[in-house]
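Peer 1: just need the structure, nothing else, for what follows:
(one chain, ligands or ions: 1)
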Amino acid sequence: MLGFKRLIALAGAISCLVTGFAALAAEPGHPTDWQLGFQTAVTPVMDDIEWFHSYLVFLITAIAGFVLVLLLIVMIRFNARSNPTPSRTTHNTVLEVAWTMVPVLILVTIAIPSFRLLFFQLNTPAADLTVKATGKQWYWSYSYPDDGNFEFDSLLIRDQAKLKPDQPRLLGVDNELVVPVNKTVRVLTTGAKVIHSFAVPSFGITIDAIPGRVNETWFKATREGIYYGQCSELCGRDHAFMPIAVRVVSEQAFNDWLGQAKQKWARDESAPSSVAAADPVTSR
Ligand SMILES: [Cu+2]
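Peer 2: So this is what the prediction gives:
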């Protein structure tokens, strides 16, 4: 009877662990405590990056295991004690061709999916929406060039008391970048004065934001939620405090948001940006 109870308790503990891990795995968009591996993938590109990563880990493990086995065989069978009169063989054509060709073939099996992934990342498909992210010191400004003449600033919420429950510390921002789900979004990046980098791990994108030029990348988020990233190019004093928050919403919710955003942030060319006027540090 005691054994049966223990078994039940063990099963309970295991199921708790499994559901716990499942909950962790479902936790989207930002780093979590005791996280192993990548953040949740929500774009086809990030799915492919994860696949390629796992593929390489298996391949590397197999190669390392094979070399280990060969070394053990050499150490055990061909040491001076167990093999006192060594063979004087110096050439073996078949073996030499094999150990040249096999690594070449392994590299080819890495190169093919690697290049395929690279082209997938670099070729922006026909976009449903374009957003422009401008890296400033030290926050991001977003605009939607095809959807109205407005731009807004996205600043870290520094006061922890003002964080909403779903906003992680050092990642939550006042104004999130909002995009529709299941739509191809083209991202244009540029820098105002120094180089920044726009990176969102869940989307598998990292692209430099360079003053004087415009870089382009894309993503297609397949799940609603909020996904966080950080500036990934050392850009100065507050580099660590200019997070990227992207809220992926339904198309309807996006259109509603867009309507409000156009009114709220309609650009008045004559007035200075509200942030620049209010905060002497950020206007530097
Ligand atoms: Cu930075």
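
Peer 1: what strands line up against whichever strand or helix holds Ala133, and which way round?
Peer 2: Secondary structure assigned from DSSP states H and E places Ala133 in strand 129-136. Sheet pairing of strand 129-136 (DSSP bridges) gives strand 139-143 (antiparallel), strand 185-191 (parallel).

Peer 1: now those strands in JSON lines, with mean neighbour count, distance to the ion and mean pLDDT?
Peer 2: Placement of C-beta: from N, CA and C, glycine included. Converted to JSON lines, these look like this (neighbours: other C-beta atoms under 10 Å; distance: least, C-beta to the ion, whole Å; pLDDT from 0 to 100):
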{"stretch": "strand 139-143", "mean neighbour count": "22", "distance to the ion": "10", "mean pLDDT": "97"}
{"stretch": "strand 185-191", "mean neighbour count": "22", "distance to the ion": "9", "mean pLDDT": "97"}
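
Peer 1: start to end distance for stretch 221-231?
Peer 2: 20 Å (C-alpha to C-alpha, to the nearest Å).

Peer 1: same deal with stretch 82-96?
Peer 2: End-to-end for stretch 82-96, by C-alpha to C-alpha: 26 Å.

Peer 1: run the chain-centre distance for that stretch.
Peer 2: 49 Å (C-alpha atoms, centre = their mean, to the nearest Å).

Peer 1: residues in contact with that stretch?
Peer 2: 76-78 (C-beta atoms under 8 Å, 6 or more residues apart in numbering).

Peer 1: same question, stretch 61-73
Peer 2: With C-beta under 8 Å, 6+ apart, stretch 61-73 has contacts from Ile106.

Peer 1: for it, buried residues please.
Peer 2: By neighbour count on 16 or more other C-beta atoms under 10 Å, the buried set for stretch 61-73 is empty.

Peer 1: do the same with stretch 225-235
Peer 2: 225-233, 235.

Peer 1: what's the closest non-adjacent residue to Thr217?
Peer 2: Nearest residue to Thr217, sequence neighbours excluded (C-beta to C-beta, 6 or more residues apart in numbering): Ile207, at 4.4 Å.

Peer 1: contacts only, for the one you found.
Peer 2: 187, 189, 197-199, 215-217.

Peer 1: can you tell me how far it is from the ion?
Peer 2: 13 Å (C-beta to the ion, to the nearest Å).

Peer 1: likewise Asn83?
Peer 2: For Asn83 relative to the ion (C-beta to the ion), the value is 60 Å.

Peer 1: which SS class is that residue?
Peer 2: Using DSSP: H, G, I helix; E, B strand; the rest coil, the structure places Asn83 in coil.

Peer 1: before we move on, what about Thr100?
Peer 2: helix.

Peer 1: the strand holding Ala133 close to the ion?
Peer 2: No. Counting by C-beta under 5 Å from the ion, the ion has no neighbours in strand 129-136; the shortest distance is 7.0 Å.

Peer 1: can I get that strand in CSV, CA atoms only?
Peer 2: Written as CSV, here are the backbone C-alpha positions of strand 129-136 (Å, rounded to 0.1, in the frame of the first residue of the first chain):
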residue,chain,number,x,y,z
LEU,A,129,3.3,46.1,-43.7
THR,A,130,6.5,48.2,-43.3
VAL,A,131,7.7,49.5,-40.0
LYS,A,132,10.7,51.7,-39.5
ALA,A,133,12.8,51.5,-36.3
THR,A,134,15.2,54.4,-35.5
GLY,A,135,17.7,53.8,-32.8
LYS,A,136,18.3,56.9,-30.7
